[in-house]
Structure formats: C-alpha cells, structure tokens
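Asker: Have a look at this fold, sequence not included:
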C-alpha cells in the first residue's frame, strides 16, 4: 500500500492510499467513522478482476485536514485532485454506508470522469420528497443525526456529552465481523484518533444539501441494500433507485447494514462489466 499526503489547491492535506496495481482505478469511499484505507477483504477479488484500489481519508479523518462545511460535491473535488495526482483521468467509485452517498456525489459532480458506481447501504439526501428519512432508523442514529440538523456546533455539543452510539448488532452481524470483514473494526478503531471532526462533518453533510443532484448521474450505478438495515433503512435505497436514472437496486431481505458486505464481491463483478 502506497500512502501519500497530497497538498490540495486550497492548502489542505489529503491523505491518499493507492494499491499501485491493476488496470481499472476504483476509488473506495469509506463509512462513518472510519479511516479511508481501501477494503482489504476485497483485495483478492480486485486482483482477479484487474482493479486498482485508491482512496483517501475524508477531511477530518486520519491524515486529512478538517474541512468544516464539506459536502458530497466538495469532497468529489478532493477526489478529482487525488485522481489527478495519480494520473487517473477516469475511474470507478465504490462506497459503503455514508461512503455510498459520497460515491454518488462523486458521480453527480464529476460526470464522465466516473465510469461506474457501486454502493452498499447508501444514504439518500435529507429532506427530499417521497422519503420519511428517519423511519426505521435505530434510536441512536436518529439522535445523532437530529443533533447534526442543528449544525456543526450542535453536533459537537452532542458528541461532547460522551453519548455512545448503539448500532444494535445482531448475531449475524457478529458472525460477519468474525470473518474477513472484521477489517471494519480495524478502520473504525482509528477513525476517531484525529478527533471527532471527521464524524461530525460526515453527519452534518448527511442532513444538508449535497451540492449536487443524484438525478444528474450518468454513470451506470448499482445500489445494494439490506431490508433489515436499521442504520440506513432500505427506503433510502428505494428512493435513490427511483431518482437516479441509471441506477439498478438489488435488495436483500435477510441482510442488515453490516451483512450487506457479503454482496460486495458480486458488486465488483458488475462494476467490471459496466465500466
């Protein structure tokens, strides 16, 4: 894994990861609150398919400078500079959880530079018609994101209380973590080492305008979502499928926010054929 600190055009630092091998560049957009390292459980299938992972810590995580007020669109601009630094004109994007929304925002912002999109449990924009945004979400998630509705200072105050987030893990979730996707704990463990600002700015970005529209995405898009997802309810996936003209939704009745990752390999197969 090659890791570099890229100086962006506005002077911020973006910590960039690159596996350095494979023909088709694929940017991994990480979840909340995680570091941005590419997904180790998918390295083997990526090698088989000829994919080259690259990624970055979103502002406020790891080695990347915080950027208060960042949006899906502004983070897509960070991605464009990271891709330019690596010599990638066009690339695919894959995102998990909130990172799925950043993947969609990248496609909406960067247009033809994005060849294809795969998301696992992406969040729909807040306040859109036809979606009860909080319905079906675990209470900890509702409390956290309602705090973010008050803005960055309100979200900071919420986090300063020491409140614990309860994702309400199921036995199936624990079984997932006992396998290769235990890697999620590795990137989550270091996600807050640089402070709470990555998480705070992520959550605020989920409840404020994206700065771009999913309806403008032209790249082929595959949305994967579990019907038992209490972190990002499956209604978000259905809304995105109905409002992204190039999107295909694959719903999984027995999968949660965490067990959905077992379908990631099939998602990469799809990505290869649609890029």
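Answerer: Okay, I see it. Because the structure is predicted, anything quoted here is derived from the model rather than measured.
Asker: use CA for all of it now, contacts and neighbours both
Answerer: OK.
Asker: Now do the strands in the stretch 151-275 of the chain.
Answerer: Counting by DSSP state E, counting those that start in this stretch, one finds strands in the stretch 151-275 of the chain at the ranges 221-226, 247-252.
Asker: Could you point out which of the ones you listed sits nearest residue 274?
Answerer: Taking Cα to Cα as the criterion, residue 274 comes closest to strand 221-226 out of these, the separation being 8.7 Å.
Asker: now for the closest one, which elements pack on it?
Answerer: The criterion is 3 or more Cα pairs under 8 Å, 6 or more residues apart in numbering; DSSP states H and E, and the helices and strands that strand 221-226 contacts are strand 114-120, helix 234-243, strand 247-252.
Asker: which other residues reach it?
Answerer: The set of residues external to strand 221-226 that reach it, using Cα atoms under 8 Å, 6 or more residues apart in numbering, is 116-122, 234, 237, 241, 246-257, 259-260, 263, 267, 270.
Asker: could you flag which of those residues are buried?
Answerer: With burial judged by 16 or more other Cα atoms under 10 Å, the buried subset of these is 116-122, 234, 237, 241, 246-252, 255-257, 259-260, 267, 270.
Asker: Give the buried residues for the longest helix seen in the chain.
Answerer: Taking DSSP state H as the assignment, the helix of the chain that covers the most residues is helix 72-86. Of the residues in helix 72-86, those with enough neighbours to count as buried (16+ other Cα under 10 Å) are 72-83.
Asker: Next: stretch 14-33.
Answerer: Judged by neighbour count using 16+ other Cα under 10 Å, the buried positions of stretch 14-33 are 14-19, 24-33.
Asker: okay, among the residues you listed, which ones form the most distant pair?
Answerer: Distance extremes for the buried residues of stretch 14-33: the farthest pair is 24 and 33 at 27.1 Å, using Cα to Cα.
Asker: got the residue ranges for the helices in the protein?
Answerer: With DSSP H applied, the chain shows helices at 43-49, 72-86, 98-110, 139-149, 152-160, 171-177, 183-189, 197-206, 234-243, 264-274, listed in chain order.
Asker: List the contacts of the spatially most central residue of the chain.
Answerer: Residue closest to the mean C-alpha point of the chain, counted by Cα atoms, centre = their mean, is residue 99 at 0.6 Å. If a contact means Cα under 8 Å, 6+ apart, then residue 99 has 28-32, 119, 122 as its contacts.
Asker: Recalculate using a threshold of 7 Å.
Answerer: With Cα atoms under 7 Å, 6 or more residues apart in numbering as the criterion, the residues that contact residue 99 are 29-31.
Asker: Same question for residue 142.
Answerer: Counting by Cα under 7 Å, 6+ apart, residue 142 has contacts residue 134.
Asker: Residue 3 now?
Answerer: 16-18.
Asker: Got the confidence number for the closest residue to residue 271 other than its chain neighbours?
Answerer: Excluding the flanking residues, the one nearest residue 271 by Cα to Cα, 6 or more residues apart in numbering is residue 116, at 6.3 Å. Looking at residue 116, its pLDDT stands at 98.
Asker: how much space between residue 116 and residue 217?
Answerer: Counting by Cα to Cα, to the nearest Å, the gap between residue 116 and residue 217 amounts to 10 Å.
Asker: What's the local residue count around residue 168?
Answerer: Number of residues near residue 168 (other Cα atoms under 10 Å) recorded here: 12.
Asker: Spatially nearest residue to it (excluding sequence neighbours)?
Answerer: Residue nearest to residue 168 in three dimensions, not counting chain neighbours: residue 138, with 7.5 Å by Cα to Cα, 6+ apart.
Asker: show me what contacts that neighbour?
Answerer: For residue 138, the contacting residues are 167, 230-231, by Cα under 7 Å, 6+ apart.
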